[in-house]
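Q: no sequence for this one, just the structure:
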DNA sequence: CAAATATACATCATATTACGATGTATACAA
DNA sequence: TTGTATACATCGTAATATGATGTATATTTG
(Lines give C-alpha, C1' and ligand atoms only; values in the text may rest on other atoms or scores of the structure.)
Protein backbone atom coordinates (compact mmCIF):
# COMPACT_ATOMS: atom_id res chain seq x y z
CA UNK A 1 0.00 0.00 0.00
CA UNK A 2 1.15 3.53 -0.75
CA UNK A 3 1.53 5.99 2.03
CA UNK A 4 1.67 9.69 1.39
CA UNK A 5 4.52 10.77 3.59
CA UNK A 6 4.66 13.98 5.57
CA UNK A 7 7.17 16.41 4.15
CA UNK A 8 9.09 16.78 7.37
CA UNK A 9 11.30 14.50 9.38
CA UNK A 10 8.89 13.06 11.87
CA UNK A 11 11.29 13.91 14.66
CA UNK A 12 10.61 17.61 14.14
CA UNK A 13 6.98 16.96 14.85
CA UNK A 14 7.72 15.46 18.24
CA UNK A 15 6.26 17.43 21.07
CA UNK A 16 4.18 19.55 18.71
CA UNK A 17 1.30 17.23 17.89
CA UNK A 18 -0.47 17.70 21.19
CA UNK A 19 -0.02 21.47 20.87
CA UNK A 20 -1.58 21.38 17.41
CA UNK A 21 -4.53 19.37 18.70
CA UNK A 22 -5.13 21.64 21.70
CA UNK A 23 -4.98 24.71 19.47
CA UNK A 24 -7.44 23.33 16.91
CA UNK A 25 -9.88 22.24 19.61
CA UNK A 26 -9.82 25.70 21.17
CA UNK A 27 -10.27 27.37 17.82
CA UNK A 28 -13.12 25.18 16.66
CA UNK A 29 -14.83 24.41 19.94
CA UNK A 30 -15.58 20.81 19.11
CA UNK A 31 -13.94 18.36 16.72
CA UNK A 32 -13.74 14.65 16.04
CA UNK A 33 -10.57 12.75 15.34
CA UNK A 34 -10.79 12.30 11.62
CA UNK A 35 -11.73 15.96 11.27
CA UNK A 36 -8.57 17.02 13.12
CA UNK A 37 -6.37 15.03 10.74
CA UNK A 38 -8.05 16.59 7.70
CA UNK A 39 -7.87 20.10 9.14
CA UNK A 40 -4.14 19.83 9.79
CA UNK A 41 -3.60 18.44 6.30
CA UNK A 42 -5.61 21.31 4.79
CA UNK A 43 -4.00 24.15 6.70
CA UNK A 44 -0.49 22.80 6.10
CA UNK A 45 -1.07 22.08 2.40
CA UNK A 46 -0.40 18.41 3.06
CA UNK A 47 2.97 19.11 4.65
CA UNK A 48 1.94 17.93 8.10
CA UNK A 49 -0.03 14.72 8.31
CA UNK A 50 -1.21 13.42 11.65
CA UNK A 51 -1.63 9.65 11.39
CA UNK A 52 -4.49 7.97 13.15
CA UNK A 53 -1.92 5.83 14.93
CA UNK A 54 -0.60 9.04 16.49
CA UNK A 55 -3.84 10.92 16.93
CA UNK A 56 -6.05 8.57 18.89
CA UNK A 57 -3.49 7.75 21.58
CA UNK A 58 -2.99 11.48 22.14
CA UNK A 59 -6.74 12.11 22.35
CA UNK A 60 -7.09 9.26 24.85
CA UNK A 61 -4.30 10.71 26.95
CA UNK A 62 -5.84 14.19 26.86
CA UNK A 63 -9.11 12.65 28.06
CA UNK A 64 -7.37 10.74 30.85
CA UNK A 65 -5.62 13.93 31.95
CA UNK A 66 -8.86 15.90 32.05
CA UNK A 67 -7.94 18.22 29.20
CA UNK A 68 -10.92 17.28 27.04
CA UNK A 69 -14.42 15.88 27.32
CA UNK A 70 -16.12 13.66 24.78
CA UNK A 71 -19.55 13.50 23.30
CA UNK A 72 -20.69 10.69 21.05
CA UNK A 73 -22.94 11.29 18.07
CA UNK A 74 -24.62 8.57 16.06
CA UNK A 75 -24.15 8.64 12.29
CA UNK A 76 -26.61 6.06 11.13
CA UNK A 77 -24.98 2.97 12.58
CA UNK A 78 -21.55 4.49 13.15
CA UNK A 79 -20.44 6.56 16.11
CA UNK A 80 -18.52 9.79 15.87
CA UNK A 81 -16.71 11.01 18.97
CA UNK A 82 -16.44 14.77 19.44
CA UNK A 83 -13.77 16.24 21.66
CA UNK A 84 -13.84 19.64 23.33
CA UNK A 85 -11.50 21.41 25.75
CA UNK A 86 -12.19 21.61 29.47
CA UNK A 87 -11.16 24.67 31.48
CA UNK A 88 -7.99 22.79 32.36
CA UNK A 89 -7.41 22.02 28.71
CA UNK A 90 -7.78 25.68 27.80
CA UNK A 91 -5.19 26.63 30.38
CA UNK A 92 -2.86 23.92 29.16
CA UNK A 93 -3.30 25.12 25.57
CA UNK A 94 -2.34 28.64 26.52
CA UNK A 95 0.74 27.37 28.33
CA UNK A 96 2.09 25.06 25.67
CA UNK A 97 1.48 27.51 22.84
CA UNK A 98 3.39 30.18 24.76
CA UNK A 99 6.18 27.71 25.44
CA UNK A 100 6.35 26.79 21.76
CA UNK A 101 6.51 30.45 20.73
CA UNK A 102 9.34 31.10 23.15
CA UNK A 103 11.20 27.99 22.06
CA UNK A 104 10.90 28.84 18.38
CA UNK A 105 12.22 32.31 19.03
CA UNK A 106 15.21 30.97 20.93
CA UNK A 107 15.88 28.30 18.34
CA UNK A 108 15.76 30.91 15.60
CA UNK A 109 18.45 32.91 17.34
CA UNK A 110 20.76 29.91 17.11
CA UNK A 111 19.87 28.40 13.77
CA UNK A 112 18.86 31.34 11.60
CA UNK A 113 21.53 33.89 12.47
CA UNK A 114 23.94 34.89 9.68
CA UNK A 115 26.97 34.37 11.88
CA UNK A 116 28.43 37.72 10.90
CA UNK A 117 30.61 37.73 14.01
CA UNK A 118 32.87 35.15 12.38
CA UNK A 119 34.94 35.71 9.30
CA UNK A 120 32.95 35.59 6.11
CA UNK A 121 33.75 32.68 3.81
CA UNK B 1 23.27 16.29 42.63
CA UNK B 2 21.54 19.37 41.27
CA UNK B 3 20.74 19.65 37.62
CA UNK B 4 19.89 22.94 35.98
CA UNK B 5 16.98 22.02 33.77
CA UNK B 6 16.37 23.36 30.31
CA UNK B 7 13.40 25.68 30.14
CA UNK B 8 11.60 23.74 27.50
CA UNK B 9 9.90 20.39 27.38
CA UNK B 10 12.66 18.17 26.11
CA UNK B 11 10.34 16.78 23.47
CA UNK B 12 10.31 20.11 21.65
CA UNK B 13 14.06 19.79 21.20
CA UNK B 14 13.75 16.48 19.38
CA UNK B 15 15.06 16.57 15.88
CA UNK B 16 16.60 20.00 16.41
CA UNK B 17 19.78 19.15 18.30
CA UNK B 18 21.62 17.86 15.26
CA UNK B 19 20.52 20.93 13.32
CA UNK B 20 21.89 23.19 16.05
CA UNK B 21 25.20 21.33 16.04
CA UNK B 22 25.58 21.44 12.26
CA UNK B 23 24.77 25.15 12.22
CA UNK B 24 27.29 26.02 14.94
CA UNK B 25 30.01 23.96 13.29
CA UNK B 26 29.46 25.73 10.00
CA UNK B 27 29.43 29.12 11.65
CA UNK B 28 32.54 28.58 13.73
CA UNK B 29 34.55 26.33 11.46
CA UNK B 30 35.83 24.10 14.21
CA UNK B 31 34.51 23.32 17.68
CA UNK B 32 34.91 20.78 20.45
CA UNK B 33 32.06 19.18 22.35
CA UNK B 34 32.16 21.10 25.56
CA UNK B 35 32.42 24.32 23.60
CA UNK B 36 29.25 23.52 21.68
CA UNK B 37 27.30 23.00 24.91
CA UNK B 38 28.51 26.32 26.30
CA UNK B 39 27.81 28.19 23.08
CA UNK B 40 24.22 26.96 22.94
CA UNK B 41 23.73 27.85 26.58
CA UNK B 42 25.12 31.35 25.97
CA UNK B 43 23.16 32.16 22.85
CA UNK B 44 19.91 30.86 24.34
CA UNK B 45 20.39 32.59 27.69
CA UNK B 46 20.42 29.22 29.40
CA UNK B 47 17.07 28.23 27.91
CA UNK B 48 18.47 25.44 25.77
CA UNK B 49 20.98 23.11 27.38
CA UNK B 50 22.53 20.30 25.42
CA UNK B 51 23.56 17.58 27.86
CA UNK B 52 26.75 15.69 27.26
CA UNK B 53 24.71 12.51 27.27
CA UNK B 54 22.96 13.89 24.20
CA UNK B 55 25.84 15.66 22.53
CA UNK B 56 28.53 13.03 22.23
CA UNK B 57 26.31 10.33 20.72
CA UNK B 58 25.21 12.85 18.08
CA UNK B 59 28.81 13.84 17.31
CA UNK B 60 29.78 10.17 16.99
CA UNK B 61 26.90 9.61 14.60
CA UNK B 62 27.82 12.64 12.51
CA UNK B 63 31.35 11.27 12.28
CA UNK B 64 30.13 7.82 11.31
CA UNK B 65 27.93 9.37 8.62
CA UNK B 66 30.80 11.40 7.16
CA UNK B 67 29.32 14.77 8.11
CA UNK B 68 32.29 15.82 10.22
CA UNK B 69 35.99 15.12 10.65
CA UNK B 70 37.91 15.21 13.91
CA UNK B 71 41.24 16.53 14.98
CA UNK B 72 42.70 15.84 18.42
CA UNK B 73 44.61 18.48 20.31
CA UNK B 74 46.61 17.83 23.48
CA UNK B 75 45.92 20.07 26.46
CA UNK B 76 48.72 19.14 28.81
CA UNK B 77 47.73 15.57 29.57
CA UNK B 78 44.14 15.85 28.38
CA UNK B 79 42.86 15.53 24.86
CA UNK B 80 40.41 17.87 23.22
CA UNK B 81 38.60 16.70 20.13
CA UNK B 82 37.73 19.30 17.52
CA UNK B 83 34.99 18.69 14.99
CA UNK B 84 34.56 20.39 11.64
CA UNK B 85 32.11 19.94 8.79
CA UNK B 86 32.95 18.00 5.65
CA UNK B 87 31.53 19.02 2.28
CA UNK B 88 28.79 16.46 2.85
CA UNK B 89 28.15 17.96 6.27
CA UNK B 90 27.81 21.44 4.81
CA UNK B 91 25.25 20.18 2.33
CA UNK B 92 23.36 18.41 5.06
CA UNK B 93 23.39 21.55 7.21
CA UNK B 94 21.89 23.58 4.39
CA UNK B 95 19.18 20.97 3.88
CA UNK B 96 18.11 20.51 7.47
CA UNK B 97 18.13 24.24 8.23
CA UNK B 98 15.90 24.85 5.22
CA UNK B 99 13.61 22.04 6.32
CA UNK B 100 13.40 23.47 9.82
CA UNK B 101 12.56 26.94 8.47
CA UNK B 102 9.80 25.51 6.30
CA UNK B 103 8.45 23.41 9.15
CA UNK B 104 8.39 26.34 11.55
CA UNK B 105 6.53 28.43 9.05
CA UNK B 106 3.93 25.73 8.50
CA UNK B 107 3.58 25.06 12.20
CA UNK B 108 3.08 28.78 12.85
CA UNK B 109 0.21 28.84 10.39
CA UNK B 110 -1.57 26.24 12.50
CA UNK B 111 -0.63 27.18 16.02
CA UNK B 112 -0.27 30.96 15.96
CA UNK B 113 -3.27 31.98 13.89
CA UNK B 114 -5.97 34.00 15.68
CA UNK B 115 -8.72 31.77 14.42
CA UNK B 116 -10.77 34.75 13.28
CA UNK B 117 -12.77 32.54 10.93
CA UNK B 118 -14.57 31.13 13.96
CA UNK B 119 -16.74 33.11 16.29
CA UNK B 120 -14.79 35.33 18.64
CA UNK B 121 -15.04 34.38 22.30
C1' DC C 1 45.90 22.74 51.71
C1' DA C 2 41.46 20.69 50.88
C1' DA C 3 37.22 20.77 48.74
C1' DA C 4 34.41 22.10 45.31
C1' DT C 5 33.64 23.37 40.75
C1' DA C 6 34.76 23.54 35.89
C1' DT C 7 36.67 21.36 31.94
C1' DA C 8 36.43 17.29 28.78
C1' DC C 9 35.54 13.10 27.16
C1' DA C 10 32.58 8.40 26.87
C1' DT C 11 28.70 4.84 27.28
C1' DC C 12 24.42 2.59 28.73
C1' DA C 13 19.61 1.96 30.25
C1' DT C 14 15.36 4.30 30.25
C1' DA C 15 11.34 7.10 28.98
C1' DT C 16 8.80 9.44 25.57
C1' DT C 17 6.86 9.90 21.21
C1' DA C 18 5.15 9.15 16.44
C1' DC C 19 4.20 5.74 13.31
C1' DG C 20 3.31 1.52 10.56
C1' DA C 21 0.64 -2.39 10.87
C1' DT C 22 -3.40 -4.39 11.90
C1' DG C 23 -8.27 -4.75 12.94
C1' DT C 24 -13.36 -3.47 12.74
C1' DA C 25 -17.18 -1.23 10.25
C1' DT C 26 -20.06 1.68 7.27
C1' DA C 27 -20.80 4.73 3.11
C1' DC C 28 -20.15 5.91 -1.46
C1' DA C 29 -18.17 6.09 -6.08
C1' DA C 30 -16.17 3.88 -10.16
C1' DT D 1 -17.81 -5.46 -6.84
C1' DT D 2 -13.89 -3.29 -5.96
C1' DG D 3 -11.70 0.41 -4.23
C1' DT D 4 -11.60 4.57 -1.60
C1' DA D 5 -13.19 7.51 2.06
C1' DT D 6 -14.95 7.90 6.63
C1' DA D 7 -14.18 6.68 11.58
C1' DC D 8 -12.70 4.54 15.37
C1' DA D 9 -9.03 1.54 18.20
C1' DT D 10 -4.57 -0.85 19.74
C1' DC D 11 0.06 -2.87 19.57
C1' DG D 12 4.99 -3.34 18.54
C1' DT D 13 8.84 -0.76 16.80
C1' DA D 14 12.18 2.83 15.92
C1' DA D 15 14.23 7.20 16.95
C1' DT D 16 15.75 10.48 20.24
C1' DA D 17 17.29 12.97 24.45
C1' DT D 18 18.58 12.28 28.98
C1' DG D 19 19.99 10.80 33.62
C1' DA D 20 23.25 8.00 35.54
C1' DT D 21 27.63 6.53 35.71
C1' DG D 22 32.54 6.51 34.86
C1' DT D 23 37.32 8.54 34.05
C1' DA D 24 40.59 12.46 34.36
C1' DT D 25 42.72 16.96 34.79
C1' DA D 26 42.57 22.00 35.96
C1' DT D 27 41.25 25.82 38.59
C1' DT D 28 39.13 28.40 42.17
C1' DT D 29 37.87 29.29 46.83
C1' DG D 30 37.27 28.85 51.66
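A: Arrived safely. Remember, it's a predicted structure, so these values are computed and weren't measured experimentally.
Q: in chain A, where is pLDDT below threshold?
A: A:1-6, A:115-121 (pLDDT under 70).
Q: ranges for the strands of chain A?
A: In chain A, the strands defined using DSSP state E lie at A:31-32, A:68-75, A:78-85.
Q: just say which of those strands is most tucked in.
A: Across the strands of chain A, the average number of neighbours (mean count of other Cβ atoms under 10 Å in any protein chain shown) peaks for strand A:31-32, which reaches a mean of 20. Using the backbone N, CA and C atoms, a C-beta is placed for each residue, glycine as well.
Q: which residue comes closest to residue A:41 once chain neighbours are left out?
A: Excluding the flanking residues, the one nearest residue A:41 by Cβ to Cβ, 6 or more residues apart in numbering or on different chains is residue A:49, at 5.8 Å.
Q: list the buried residues in the longest helix along chain A.
A: As assigned by DSSP state H, the longest helix anywhere in chain A is helix A:87-111. If you call a residue buried by 16 or more other Cβ atoms under 10 Å in any protein chain shown, then helix A:87-111 has these buried ones: A:89-90, A:92-93, A:96-97, A:99-100, A:103-104, A:106-107, A:110-111.
Q: looking at those residues, which is nearest residue A:29?
A: residue A:90 (11.1 Å; Cβ to Cβ).
Q: name the nearest residue to the closest one, ignoring sequence neighbours.
A: In space, residue A:90 comes closest to residue A:26 once its chain neighbours are excluded; the distance is 6.2 Å by Cβ to Cβ, 6+ apart.
Q: the one you found touches residue A:84, doesn't it?
A: No - here residue A:26 does not reach residue A:84: they are 9.2 Å apart, not a contact under Cβ atoms under 8 Å.
Q: gap between the residue nearest the centre of chain A and DNA strand C?
A: Among the residues of chain A, the one closest to the centroid is residue A:20, at 2.1 Å (Cα atoms, centre = their mean). Going from residue A:20 to DNA strand C by Cβ to the nearest atom of the strand, to the nearest Å gives 9 Å.
Q: residue A:26: neighbour count?
A: 19 (other Cβ atoms under 10 Å in any protein chain shown).
Q: which ones are touching it?
A: By Cβ atoms under 8 Å, 6 or more residues apart in numbering or on different chains, the contact list for residue A:26 reads A:85, A:89, A:90, A:93, B:115.
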